[in-house]
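Q: Quick one, structure for this:
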Amino acid sequence: MKKSQFIIVFALIATIFAGCKNSKPNPVISPNANNADSLNAGDTTIYGTMLDGGMNSMLLLTDAGDTLEIIRNPEDTTEVVKGGRLTGDRFAVIAYKEYGDMMLRNAINITSLLGNWTSLDKNFEIKEGGEVVSNVQAENNMWTSWKIYNGKLLLSKDTFDVIELGADSMSLENKAGIFVFGRKK
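A: Model (predicted):
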């Protein structure tokens, strides 16, 4: 009798362990990872123009010519789209597949990112095509280029997470702290 109870308990424990799911984060879709000779090799960002969007999804025409519907995860507690959602705006999107759907991890509105930005020690313009022009000649650590790489903003050699991107303000964060910029009119 004790032997059969032991076997039943052991089988139950084995079933529980077999049913445990590995909770690693979902892999990011990597459309540019195969292009090893590119400057963007390893970049998991999907670039495109928003065709349509609602509160929980966006329809994106990618630079590769594909049309993707990307769904916002309802469990996200913070806004994952930085810079607003306007039809016709260019976006840099990080997405992952879950249950066959494309899920939105992070999106930066590139159209909103472009323009003149200023802070106490910086005054610069982010231009289309990856150029940054400083409007202060005596500026230390002047930024000259920009790009989005794996969902982060690279300003020359500095890498930032985009915390907020609005019509008149931008907050960036890296290991040195949080940097707040206002839109220069």
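Q: residues contacting Met103?
A: Asn26, Ile70, Ile71, Arg72, Asn73, Ala95, Tyr96, Lys97 (CB atoms under 8 Å, 6 or more residues apart in numbering). In short, each C-beta sits where N, CA and C put it, glycine included.
Q: most surrounded residue in those residues?
A: Ala95 (25 neighbours; other CB atoms under 10 Å).
Q: for that residue, helix, strand, or coil?
A: At Ala95, secondary structure determined by DSSP: H, G, I helix; E, B strand; the rest coil is strand.
Q: hang on, the earlier thing: for Ser145, state which of the contacts of Met103 is nearest.
A: Ala95 (25.4 Å; CB to CB).
Q: can you give me the helices in the protein?
A: 2-19, 110-113 (DSSP state H).
Q: Ranked by average pLDDT, which of those falls at the bottom?
A: With a mean of 64, helix 2-19 has the lowest mean pLDDT of these.
Q: per-domain residue ranges of this structure.
A: 46-110, 114-183 (automatic domain parsing).
Q: how much space between the closest residue in space to Ile148 that isn't next to it in sequence and Asn109?
A: In this structure, Ile148 finds its nearest non-sequential neighbour in Ala92, 3.9 Å apart by CB to CB, 6 or more residues apart in numbering. Shown here: Ala92 relative to Asn109, a distance of 8 Å by CB to CB, to the nearest Å.
Q: Of the two, which one has the most company?
A: In this view Ala92 and Asn109 are compared by other CB under 10 Å, and Ala92 has more residues nearby, 25 against 20.
Q: Need the per-residue pLDDT for that one.
A: So, for Ala92, pLDDT stands at 95.
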